[in-house]
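S.K.: Give me a model of this one.
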Amino acid sequence: MRKIILTFILLSFSFLFKAQNTSEADIWSGSYAVYSVKDDKTALDTLVIAKTKDVKPENVPSRFEVDLKRWTVISKKDKRGDSEVVRRFIFNPEDKDDEYKEFGWTRLYQEGKMNCIDGGHFFICQTKPDTTVDFQKEGTFLTKTGFFGVWLHFGLVELKKLN
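M.R.: Next up, the predicted model:
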């Protein structure tokens, strides 16, 4: 009887230890259809986002050391198949480095209601479906899917996660 109880206790602790060491959920990986906010019937492109190796602290400027996780984004329209490495928006309250602040989304990020990734000339964000996103001076936008992006020289798009 003692052995059974001891075995049960050890198994319980092993499950707890495993749960504590599970990495956080990857909320970005998947395929996304991209739609113009003016025409939500015809997809402009399909993007594939995949988790890639984390960068090493010595390979990034010090302000990016706060978050070393990276993803790749591939456009299915791009015949070359080039991928771009993207990173999450920086939020480091200790250094007052907050990329959400520019859009007025700091509170939303802190409450777990907004997450964004940055690709340099574009960014993609996710929030809850049917959320009105405030772009301050640029106005508001209702994201039906909860995924939206902004591309330099192209503008605002809605994304629909396919898988």
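S.K.: which one is residue 46 nearest to, not counting chain neighbours?
M.R.: residue 76 (4.2 Å; Cβ to Cβ, 6 or more residues apart in numbering). Quick note: C-beta positions are derived from backbone N, CA and C, even for glycine.
S.K.: need the longest strand for the protein.
M.R.: strand 39-52 (DSSP state E).
S.K.: now the helices for the protein?
M.R.: 2-21, 106-110 (DSSP state H).
S.K.: Report the rounded mean pLDDT for the first one.
M.R.: Just to be clear, that refers to helix 2-21. Mean pLDDT, helix 2-21: 37.
S.K.: Could you do stretch 150-158 as well?
M.R.: Stretch 150-158 comes out at a mean pLDDT of 89.
S.K.: got it, and stretch 57-68?
M.R.: On average, stretch 57-68 scores 91.
S.K.: before we move on, back to that, I'd like to know how far the residue nearest to residue 46 sits from residue 89.
M.R.: Distance, residue 76 to residue 89, by Cβ to Cβ, to the nearest Å: 25 Å.
S.K.: who has more neighbours, the two?
M.R.: Neighbours per residue, other Cβ atoms under 10 Å: of residue 76 and residue 89, the larger number sits with residue 89, 20 against 14.
S.K.: and the longest strand of the chain, what does it pack onto?
M.R.: For strand 39-52, the elements it packs on are strand 30-36, strand 70-75, strand 155-161, judged by 3 or more Cβ pairs under 8 Å, 6 or more residues apart in numbering; DSSP states H and E.
S.K.: what's the angle between the first one and strand 155-161?
M.R.: Computed by axes from the mean of the first three to the mean of the last three Cα atoms, to 10 degrees, the angle separating strand 30-36 from strand 155-161 equals 140 degrees.
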